[in-house]
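Enquirer: Any chance you could fold what I've pasted below:
(2 chains)
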Amino acid sequence: MSKVTAADLISGTNGPGVAKKDPIIVADGVTRQFGGLKAVDVDHLEIPRNAITALIGPNGAGKTTLFNLLTGFDKPNTGTWSFDGTNLAGIPSFKAARSGMVRTFQLTKSLGRLTVLENVLLGASDQKGERFWASFIPGIWREQENANREKALELLARFKLDAKKDDYAASLSGGQRKLLEMARALMSDPQLVMLDEPMAGVNPALTQSLLDHVLGLKEDGMTVLFVEHDMHMVRHISDWVVVMAEGKVVAEDVPEDIMKNQAVVDAYLGSHHDTDLGSITGQIEMEEALQAELAEERADADTEAATDKEQS
Amino acid sequence: MEILNAFFSAFVDSSSAAFALAAIGLGVHFGYGGLLNFGQAGFMAMGAYGFSIWTAVVAPTENWGWHPIASFLSAIVVGIIAASIYAFILGLPTLKLRGDYLAIVTIAAAEIVRFSVRTTELTPITGGSQGMTGASIKTDIQEINPLPSGQYGFWVFEAGAYDTWVRIIGWSLVAVAVVLVWALFRSPWGRVVKGIREDEDAVRSLGKNVFSYKMQVLVLGGVLGGLGGIMYILPRALQPDFFATPTTFYLWTALLLGGAATVFGPVIGAILFWALLNGVRSIIGVAHEYGFFFGLSSTQAAQLSFVFVGIALMVLVVFRPQGIFGNKKELSFNV
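Expert: This is a model prediction of the structure:
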């Protein structure tokens, strides 16, 4: 797979909020305030289509909150955003999902007392049998249900969960639940898959297969946006990286160059990471002043002692 | 004999059928939909009052010359509509909140309903605190009873023509409700509802209108509760105080006894609840005659049956939390 370069994705000079050649999400002036804290304050952000975009940033940067806002799980104070050209601001979450963007959650939400297969079947969209009156007449939905079942079994096989299809989802391990959640999200053939920390709590043995699955989504023509702390994963699979800090987008770039960006280094390590902390807080000056004072006192004491000696 | 009679008559009694209907409704709410409804008695009241007011006050047979069958069926429809509207109004503000709030609101709303129908000003319509006499609500159903008068059944199951007729209606409704619930919850609709019970945000993220599904569940369970209310008053009279919180808790007992997310659980649970309660009560009655509980009067001793049934329930919850029919893996008390 050829590596994507910055020039393939963006138009114009690079910087936070740079315009993309083919954006799937365009957000403008999105803010979300929690009391006195502005958790999200994004002026402009575009997510490139058919690419894997990583959203990174230190704890509390507002990544998950932005996720929640874009998917309708939280309401912003201000702002508009569109998905694939249609406005999504103020649209409830289930309608946002129907428009073709499916998300997963940081804390996996597998439906514990449903079987693995039922979990995946739930992901299918436009099911005729999900209407109240239609559900009484199996003739209406049987055919679609069988087709969905076949598709679900294929997805489960792809994620190597097919042996567990009749087990309750509650019996799966944390990593398997992540896979299940991904399989469920794919059931609706989304255009955009939004993964909130797909690697959190996944054991290293499963990491590689999860990475491959995420790469596979792109090959199937989907767009992926994910939040992640694991820089290894970010570097390994993403085409584009967006860095947030204190609610703002502070930098965007290809993964190879993002860590050289001064704003990113500042966001993660603080803007004074290469200077001595003492000189910022003034402790060095204080120390020096103290030393000087002490030296002075000592000198005074010495001269006093000397005069005493002379007098005696 | 007396004890056996008390115990076994619960298996055919229309009160068991009424409780089974309401418990099925509660099972739809809690067992399948995860909605904590602590005011099922309120839904029963709406059904019962809708039915009674239509039959006795609006009285289509007397006032408009309707055929009794039309009057009876329309009264049931009115009861269903009343329970649906009640569910809808209750759900609008609360279904967007988390589960526990629904519990608080339903228990309060059920009490509001009871106190409202008891108000003296409403006596011409609801009968106030006296309720309505059996005679005033039974006319239509007696009229359309196809059974000639006489005794039916055998042994402890023997009953008069009217009671047998009510039993037939009641258990038929239970059968219909069981089939209804079974059909619904093997379909994709039921899958969505069970998904909502597990985690509504997850279901929302898959593009399902969670609010709409919860509303459908609340109305469906409420309507079943309403039918239960109608069936409960048919063999006796309309008593406002029946629709108080203890009734809701009996229903919960019946539901948990049978198994919450099962089709037959609430039915068997309701039957066993009455069988045990009446059986224990009559055992205590006999024991009292032989001089046990010497300090207590017979009414006080009768109250002890609740204590014993309560202890039985506690034992059940501790040792078999999934109920008689429940699958332990699928459903423990996960509130």
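Enquirer: what about residue 264, how many neighbours?
Expert: The chain I'm using is chain A. Residues near A:Val264, counting by other Cβ atoms under 10 Å in any protein chain shown, number 21. For glycine as for every other residue, the C-beta is placed from the backbone atoms N, C-alpha and C.
Enquirer: please go with chain B instead
Expert: The burial count assigned to B:Phe264 is 16, neighbours taken as other Cβ under 10 Å.
Enquirer: Quick check: the nearest residue to it once chain neighbours are set aside vs A:Ala163, distance?
Expert: Once flanking residues are discounted, B:Phe264 sits nearest to B:Phe325: 5.8 Å by Cβ to Cβ, 6 or more residues apart in numbering or on different chains. According to Cβ to Cβ, to the nearest Å, B:Phe325 and A:Ala163 sit 29 Å apart.
Enquirer: So which of these two has more stuff around it?
Expert: Shown here are B:Phe325 and A:Ala163; by other Cβ under 10 Å, B:Phe325 has more neighbours (19 against 10).
Enquirer: gap between the more buried one and chain A?
Expert: 15 Å (Cβ to the nearest Cβ, to the nearest Å).
Enquirer: How many neighbouring residues does B:Arg98 have?
Expert: 9.
Enquirer: quick one, phi psi at it?
Expert: The phi/psi pair for B:Arg98 (degrees, to the nearest 10) reads phi -80, psi 160.
Enquirer: Look up how far B:Leu256 lies from it.
Expert: 22 Å.
Enquirer: tell me the contacts of the most centrally placed residue in chain A?
Expert: Of all residues in chain A, the one closest to the mean position by Cα atoms, centre = their mean is A:Val227, 1.4 Å from it. Contact analysis of A:Val227 by Cβ atoms under 8 Å, 6 or more residues apart in numbering or on different chains lists A:54-56, A:63-64, A:67, A:106, A:195-197.
Enquirer: redo that, cut-off 7 Å
Expert: By Cβ atoms under 7 Å, 6 or more residues apart in numbering or on different chains, the contact set of A:Val227 is A:55, A:63-64, A:67, A:196-197.
Enquirer: Which of these fall within strands?
Expert: Cross-referencing the contacts of A:Val227 against strands under DSSP state E gives A:55, A:196.
Enquirer: and of the contacts of A:Val227, the nearest to B:Ala17?
Expert: Set against B:Ala17, the nearest of those by Cβ to Cβ is A:Asp196 (49.3 Å).
Enquirer: quick one: the spatially closest residue to that closest one that is not a sequence neighbour and A:Asn68, what's the gap?
Expert: Nearest residue to A:Asp196, sequence neighbours excluded (Cβ to Cβ, 6+ apart): A:Gln106, at 4.4 Å. In this view, A:Gln106 and A:Asn68 are 10 Å apart by Cβ to Cβ.
Enquirer: Is the residue nearest to A:Asp196 in a helix, a strand, or coil?
Expert: coil (DSSP: H, G, I helix; E, B strand; the rest coil).
Enquirer: gap between it and A:Phe226?
Expert: Relative to A:Phe226, and taking Cβ to Cβ, A:Gln106 is found at 11 Å.
Enquirer: Likewise for B:Arg197?
Expert: 29 Å.
Enquirer: swap in B:Ala110?
Expert: Distance from B:Ala110 to A:Phe226, counting by Cβ to Cβ: 47 Å.
Enquirer: the more surrounded of these two?
Expert: Higher neighbour count among B:Ala110 and A:Phe226: B:Ala110, with 27 against 24, using other Cβ under 10 Å.
Enquirer: Quick one: list the elements packing against the helix or strand hosting the more buried one.
Expert: Per DSSP states H and E, B:Ala110 falls inside helix B:99-118. Applying 3 or more Cβ pairs under 7 Å, 6 or more residues apart in numbering or on different chains; DSSP states H and E, we find helix B:99-118 packed against helix B:40-52, helix B:68-94.
Enquirer: residue ranges for the strands of chain B, please.
Expert: B:151-152, B:159-160.
Enquirer: worst-scoring helix or strand of chain A, pLDDT-wise?
Expert: Using mean pLDDT, DSSP states H and E, the weakest-scoring helix or strand in chain A turns out to be helix A:277-281, at a mean of 62.
Enquirer: Next, the contact list for the residue nearest to A:Asp196, please.
Expert: Per Cβ under 7 Å, 6+ apart, neighbours of A:Gln106: A:64, A:196-197, A:200.
Enquirer: JSON lines please, covering these and showing neighbour count and pLDDT.
Expert: As requested, the contacts of A:Gln106 are arranged in JSON lines below (neighbours: other Cβ atoms under 10 Å in any protein chain shown; pLDDT from 0 to 100):
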{"residue": "A:Thr64", "neighbour count": "19", "pLDDT": "91"}
{"residue": "A:Asp196", "neighbour count": "22", "pLDDT": "91"}
{"residue": "A:Glu197", "neighbour count": "21", "pLDDT": "88"}
{"residue": "A:Ala200", "neighbour count": "15", "pLDDT": "81"}
